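Enquirer: sequence? don't have it. structure:
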């Protein structure tokens, strides 16, 4: 049984999050502790860069053809989440560090599992 709906759903959720952060960078910056109020231009630009990457990688994961294309899209998404996990662990402080790194690691793990589900029998 081929369960490509799993990675496609995760891709759409990733894309939706990316689109939301493109519109409101504080959705990313406040939970990470990088900004407490309205972020300045530099932080907002950085958040939007990450959000753009999430939007694109999520859409590719959602709409890639089944098989190798979808597996590659999932691998890229997992790589992005692994990178985020390492960077958040190194750069953030306080309780935000564990929360942000945990979310990135957890999302990457879910996407990785979805690749196994999408393989079918």
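Expert: Done, it's in. Bear in mind that the values here come from a model prediction, so they are computed numbers and not experimental data. Numbers count the residues shown, from 1 in each chain.
Enquirer: pLDDT below threshold where in this structure?
Expert: 1, 120-121 (pLDDT under 70).
Enquirer: residue ranges for the helices of it, please.
Expert: Counting by DSSP state H, one finds helices in the chain at the ranges 5-23, 26-32, 41-63, 68-91, 95-118.
Enquirer: Give the buried residues for the last one.
Expert: Spelled out, that is helix 95-118. 97, 100-101, 103-105, 107-108, 110-112, 114-115, 118 (16 or more other C-beta atoms under 10 Å). To be clear about C-beta, it is placed using only N, CA and C from the backbone, and glycine gets the same treatment.
Enquirer: Now render these as TSV, adding distance to residue 74.
Expert: TSV is the format used below for the buried residues of helix 95-118 (distance: C-beta to C-beta, whole Å):
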residue	distance to residue 74
97	26
100	22
101	20
103	18
104	15
105	16
107	12
108	10
110	10
111	6
112	7
114	6
115	4
118	7
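Enquirer: Closest one to residue 38 out of the residues you listed, please.
Expert: Nearest to residue 38, judged by C-beta to C-beta, of those is residue 100 at 19.6 Å.
Enquirer: Can you give me the neighbour number for the residue nearest to the closest one when sequence neighbours are not counted?
Expert: Among residues not flanking residue 100 along the chain, residue 88 sits closest, at 4.2 Å (C-beta to C-beta, 6 or more residues apart in numbering). By other C-beta atoms under 10 Å, the residues close to residue 88 number 20.
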